[in-house]
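> here is a sequence with its predicted model. Questions after.
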Amino acid sequence: MRNHARTALASTLAACLLAPFGCNSNDGGGPSLLAPAPRTQTTQLAITLDGSIDEWPADKAALADAHYLYLRLAVEGAPRAIQASHEPLTILLDVDADTATGVRIDEPTNTLGVDLEIRFSPRRDDGSPGRGVAVIAHTADGPRTLSHADIDLLVAPTHAADWYEVRLSRVLPDGLPRAGLATDGRASGLIILHDAGGQVAGWSDPFTVALSPAASGPHLGDADLPRKPRGAIRIVSWNVEHAAPMRNAGPFANAILALEPDVVLVQEWTLDTPGQLRGWFTASLPASDGRPWHTRTGEGWGVGIVSKYPLEPLGPTRLELAGHEAPVRFIGAIADTPSGPVALASLHLKCCGEAGGPEDAQRNAEARLINATLADALTGVPYGALVIAGDVNLVGRRTPLDTLAGGLASGGGNLAVAAPRVLGDAAYYTWSDADTEFSPGRLDFALVGGGRIVNAFVLDTARLSDAALQRIGLDRGDTAASDHRPVVIDVMPR
């Protein structure tokens with residue numbers, strides 16, 4: 001783990017000599033793990049899970065408030081997505097800072113009573129590289145496998161980066177100590193990096209956090225939906241998980257009705273024609289003023305644009321990437337809104353993989369093709385704002401997002417990346433599925449040019465209080481009807 005210094009250090013030995021809080025390694029040339037080792041921490045700080053450590057005190061690697069424990073970490077060397085890495089990383093937590101509970105782990109230290117292990121990219125039983133995250137609780141009855149959802153684990157960012165932020169709930173599953181993290185007192189921990197062969201490659205200094213009393217239950221935000229300003233266009237982007245609205249219309253209709261969008265950009269809506277997509281919206285969300293919905297779909301699987309206002313084509317319905325049989329998942333349109341023409345694109349880049357892998361390369365190739373297609377289609381076309389949104393699947397490098405944004409703003413500048421925070425929470429994620437090995441992450445993005453972003457948020461009804469849900473008119477499980485959450489942006493065209 002690195003401390004606040006951002007300069008890459010030449011070797012583990014050099015890192016140990018220069019770091020104010022030290023580090024350890026099995027040899028002198030492997031990956032280094034550096035972390036500040038705060039002895040106490042009582043200040044209540046607002047940490048936002050966005051992958052940026054700008055708000056962190058320079059000498060702290062672990063912080064806590066009444067609801068969460070926060071950690072920040074970095075691994076020396078080429079950035080890798082820690083849930084898709086050949087080098088597993090493990091957080092060891094002694095949740096009550098008591099060696100009498102949990103288990104002792106001999107290497108690299110036996111000074112902790114480890115109650116909770118969080119293993120990123122855990123190796124499979126056959127020794128091959130794993131994916132996602134595994135959580136193991138060491139209880140008096142022995143080890144127990146948990147889901148990342150059992151500790152409300154969040155990690156940001158999802159893509160490869162220099163720094164990562166980790167957050168977990170202080171509401172702990174049964175069987176773990178009630179002292180420390182679950183109530184008050186202290187908690188301790190250590191972070192270990194293994195190499196591709198499974199051997200310990202490096203570890204951080206131990207850290208200890210002094211804890212204020214924990215909240216009595218999970219954090220739920222008492223937030224209202226932001227109101228769309230006059231003259232703005234509200235755009236919702238939503239990956240609906242294999243046309244789930246066709247099987248379970250209610251939650252989607254509830255959420256869209258509450259959000260009151262002018263435009264909905266969809267992904268994974270596996271319908272054959274624009275008329276079928278329009279038919280669902282007409283049946284499930286009839287316009288109060290009797291106006292019809294307008295739709296445009298691409299030949300790439302599942303992408304579509306739905307608008308209250310008439311749509312004109314923007315680019316082709318079929319976009320082909322050399323060497324790939326299936327068309328790229330992309331569709332563009334121009335919406336004739338009361339605030340002027342707005343250029344729109346719905347997209348869904350290649351899924352899965354790791355930084356530098358074939359899926360990552362395909363994502364970037366798709367992004368280059370979409371960027372070039374839009375640049376050509378927009379030449380000489382007047383518009384007040386350009387909005388590109390969808391499932392970017394950013395689980396490797398960040399490069400595809402930057403490629404999409406490059407040069408499409410007026411004057412040849414880059415499009416702005418919207419920053420939609422989860423409503424009622426200090427976190428950025430758009431995807432969550434407790435039944436998979438991956439913790440929630442930010443896979444969906446919106447890029448804007450020309451117009452001004454006046455609101456941006458993600459709606460996850462599970463994060464809102466009962467009172468907030470009642471005011472909004474939604475049920476707690478509505479947005480969980482898909483594994484992605486709706487991304488909402490209000491754009492004021494120029």
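Structure received. Numbers count the residues shown, from 1 in each chain.

> for the rest of this, base every contact and every neighbour count on C-alpha atoms.
Fine.

> what confidence value was assigned to the most centrally placed residue in the chain?
Centroid-nearest residue in the chain, with C-alpha atoms, centre = their mean: residue 442, separated by 2.0 Å. At residue 442, the model reports a pLDDT of 98.

> may I ask you to confirm that residue 295 is in contact with residue 278?
Yes: shown here, residue 295 and residue 278 form a contact pair, counting by C-alpha atoms under 8 Å, at 5.9 Å.

> the two: which is more packed in?
Set side by side, residue 295 and residue 278 show more neighbours around residue 295, with 26 against 19, by other C-alpha atoms under 10 Å.

> who's that one bridged to?
residue 306 (DSSP bridges).

> give the contact list for it.
Residues near residue 295 by C-alpha atoms under 8 Å, 6 or more residues apart in numbering: 274-275, 277-278, 304-307, 311.

> neighbours of residue 100, just the number please.
Neighbours of residue 100 under the rule other C-alpha under 10 Å: 11.

> can you tell me, leaving aside adjacent residues, what's nearest to it?
residue 113 (6.3 Å; C-alpha to C-alpha, 6 or more residues apart in numbering).

> please apply the same query to residue 259.
Closest residue to residue 259 apart from its sequence neighbours, by C-alpha to C-alpha, 6+ apart: residue 225 at 7.6 Å.

> again with residue 453
Nearest to residue 453 is residue 491, by C-alpha to C-alpha, 6+ apart, at 4.6 Å.

> same list (the contacts of residue 295) but as CSV, adding distance to residue 406 and pLDDT.
Shown next, in CSV, are the contacts of residue 295 (distance: C-alpha to C-alpha, whole Å; pLDDT from 0 to 100):
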residue, distance to residue 406, pLDDT
274, 30, 65
275, 33, 77
277, 31, 91
278, 32, 91
304, 23, 96
305, 23, 97
306, 26, 96
307, 26, 97
311, 25, 97
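
> any regions of this protein where pLDDT drops low?
Scanning the chain with the threshold set as pLDDT under 70 gives 1-45, 107, 271-274, 288-289.

> the residue most distant from the middle of it, which is it?
Distance from the centre of the chain peaks at residue 290, with 37.6 Å (C-alpha atoms, centre = their mean).

> can you spell out which helices and strands pack onto the strand or helix carrying the residue nearest to residue 453?
If you go by DSSP states H and E, residue 491 is part of strand 487-492. On a contact count with 3 or more C-alpha pairs under 8 Å, 6 or more residues apart in numbering; DSSP states H and E, strand 487-492 meets strand 233-239, strand 444-449, strand 452-458.

> would you turn the ones you listed into JSON lines with distance to residue 77?
Shown next, in JSON lines, are the helices and strands packed on strand 487-492 (distance: least, C-alpha to C-alpha, whole Å):
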{"stretch": "strand 233-239", "distance to residue 77": "34"}
{"stretch": "strand 444-449", "distance to residue 77": "27"}
{"stretch": "strand 452-458", "distance to residue 77": "33"}
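
> alpha carbons of the longest helix belonging to the chain, as PDB, please.
For the chain, the helix with the greatest residue count under DSSP state H is helix 358-377. Output of helix 358-377 as PDB, limited to C-alpha atoms (Å, rounded to 0.1, in the frame of the first residue of the first chain):
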ATOM      1  CA  PRO A 358      -8.900  -9.200 -25.100                       C
ATOM      2  CA  GLU A 359     -12.200  -7.900 -23.700                       C
ATOM      3  CA  ASP A 360     -10.500  -4.600 -22.700                       C
ATOM      4  CA  ALA A 361      -9.100  -4.300 -26.200                       C
ATOM      5  CA  GLN A 362     -12.500  -4.900 -27.700                       C
ATOM      6  CA  ARG A 363     -14.100  -2.200 -25.500                       C
ATOM      7  CA  ASN A 364     -11.600   0.300 -26.600                       C
ATOM      8  CA  ALA A 365     -12.000  -0.600 -30.300                       C
ATOM      9  CA  GLU A 366     -15.800  -0.300 -29.900                       C
ATOM     10  CA  ALA A 367     -15.300   3.100 -28.200                       C
ATOM     11  CA  ARG A 368     -13.100   4.300 -31.100                       C
ATOM     12  CA  LEU A 369     -15.700   3.300 -33.700                       C
ATOM     13  CA  ILE A 370     -18.600   4.900 -31.800                       C
ATOM     14  CA  ASN A 371     -16.600   8.100 -31.300                       C
ATOM     15  CA  ALA A 372     -15.700   8.300 -35.000                       C
ATOM     16  CA  THR A 373     -19.200   7.400 -36.100                       C
ATOM     17  CA  LEU A 374     -20.700  10.200 -33.900                       C
ATOM     18  CA  ALA A 375     -18.000  12.700 -35.000                       C
ATOM     19  CA  ASP A 376     -19.000  12.000 -38.700                       C
ATOM     20  CA  ALA A 377     -22.800  12.000 -38.000                       C
END
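
> one step back: and the residue nearest to residue 453, how many residues sit next to it?
Neighbours of residue 491 under the rule other C-alpha under 10 Å: 27.

> for it, give its distance to residue 428.
Per C-alpha to C-alpha, to the nearest Å, residue 491 is found 19 Å from residue 428.

> run a quick neighbour tally on residue 412.
Counted by other C-alpha under 10 Å, the residues lying close to residue 412 total 10.

> which residues are in contact with the closest residue in space to residue 64 that isn't next to it in sequence?
Leaving aside its chain neighbours, residue 64 sits nearest to residue 70 (5.8 Å; criterion: C-alpha to C-alpha, 6+ apart). By C-alpha under 8 Å, 6+ apart, the contact list for residue 70 reads 47, 62-64, 165-168.

> closest one to residue 109 out of those, please.
residue 62 (19.1 Å; C-alpha to C-alpha).

> show me what contacts residue 187?
93-97, 180-181, 208-211.

> about what we covered before: filter the contacts of residue 70 down to the buried ones, PyMOL style.
Of the contacts of residue 70, the buried ones can be selected in PyMOL as follows, counting by 16 or more other C-alpha atoms under 10 Å:
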select buried, resi 47+62+63+64+165+166+167+168
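
> name the nearest of the contacts of residue 70 relative to residue 152.
Checking the contacts of residue 70 against residue 152 with C-alpha to C-alpha, the nearest one is residue 168 at 5.5 Å.

> distance check, that closest one against residue 260.
Distance of residue 168 to residue 260, given as C-alpha to C-alpha: 33 Å.

> gap between the residue nearest to the centre of the chain and residue 197?
Distance of residue 442 to residue 197, computed by C-alpha to C-alpha: 30 Å.

> rewinding a little: who does the strand holding residue 491 pair with, and is each partner parallel or antiparallel?
strand 233-239 (antiparallel), strand 452-458 (antiparallel).

> heading C-terminal from the last one, find the next helix or strand.
By that I understand strand 452-458. Next along the chain after strand 452-458, taking DSSP H and E as the criterion, comes helix 466-472.

> what lies in contact with that following helix?
With contacts defined as C-alpha under 8 Å, 6+ apart, helix 466-472 is touched by 221-225, 258, 461, 475-476.

> buried among those? Need that as a selection in ChimeraX.
Typed into ChimeraX, the line below selects the buried ones among the contacts of helix 466-472, using 16+ other C-alpha under 10 Å:
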select :221,222,223,461,475,476
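
> so which of the contacts of helix 466-472 is the closest to residue 420?
Once C-alpha to C-alpha is applied, the member of the contacts of helix 466-472 that ends up nearest residue 420 is residue 225, at 12.8 Å.
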